[in-house]
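Student: Provide a 3D model corresponding to the input given below.
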Amino acid sequence: MENTLLVINIILAAILVVLVLVQKSEGGALGIGLSQDNFMFSRSAGNFLTKSTALIATLFIICSLSLTIISRSELEPTGSVLDKIEENQEETPKIPENNN
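Tutor: Sure thing, here's the model as predicted:
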């Protein structure tokens, strides 16, 4: 199951990269520099590439979250890192004191 989701996630990532690179650059990142006319009657609002990019991005996020949930169930709970350091210090031999 995990391997199947991983393959699907890689395929979705590749498709997402291609869709983003194919889209036409409108200039003005995140709407900066758009006039009111372009804002209301934007040609890219209903564009097929925009909708498909949003769909693939949503599927990619869902697949990534499901991979995280599946892999998290396989992890064993561990203690604190500080507890491990204290255990290692107890196992190391002590240096004898000089009695001069």
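Student: which stretches of the chain form helices?
Tutor: 2-22, 36-40, 48-73, 81-91 (DSSP state H).
Student: Just the pLDDT at residue 83, thanks.
Tutor: Here the pLDDT value assigned to residue 83 is 71.
Student: mind listing what's buried in stretch 63-75?
Tutor: By neighbour count with 16 or more other CB atoms under 10 Å, stretch 63-75 contains the buried residues 63, 67. Any C-beta I mention is one placed from the backbone N, CA and C, and that applies to glycine too.
Student: What average pLDDT does that stretch get?
Tutor: pLDDT averaged over stretch 63-75 gives 86.
Student: contacts for that stretch?
Tutor: 1-2, 5-6, 8-9, 12 (CB atoms under 8 Å, 6 or more residues apart in numbering).
Student: helices and strands of the protein: which one bottoms out on pLDDT?
Tutor: Using mean pLDDT, DSSP states H and E, the weakest-scoring helix or strand in the chain turns out to be helix 36-40, at a mean of 49.
Student: circling back to that earlier point, so which of the contacts of stretch 63-75 wins on neighbours?
Tutor: Sorting the contacts of stretch 63-75 by how many neighbours each has (other CB atoms under 10 Å) puts residue 12 first, at 19 neighbours.
Student: Reformat the helices of the chain as TSV; add distance to residue 98.
Tutor: Listed next are the helices of the chain as TSV, based on distance: least, CB to CB, whole Å:
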stretch	distance to residue 98
helix 2-22	58
helix 36-40	82
helix 48-73	52
helix 81-91	22
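Student: what's the closest of those to residue 97?
Tutor: Closest to residue 97 of the helices of the chain is helix 81-91 (CB to CB; 17.8 Å).
Student: Out of the contacts of stretch 63-75, which is nearest to residue 50?
Tutor: residue 12 (16.9 Å).
Student: my guess is the closest one contacts residue 58, does it?
Tutor: No. Checked against CB atoms under 8 Å, the pair residue 12 and residue 58 is beyond contact range at 9.8 Å.
Student: quick one, phi/psi of residue 74?
Tutor: Main-chain torsions, residue 74, degrees, to the nearest 10: phi -80, psi -10.
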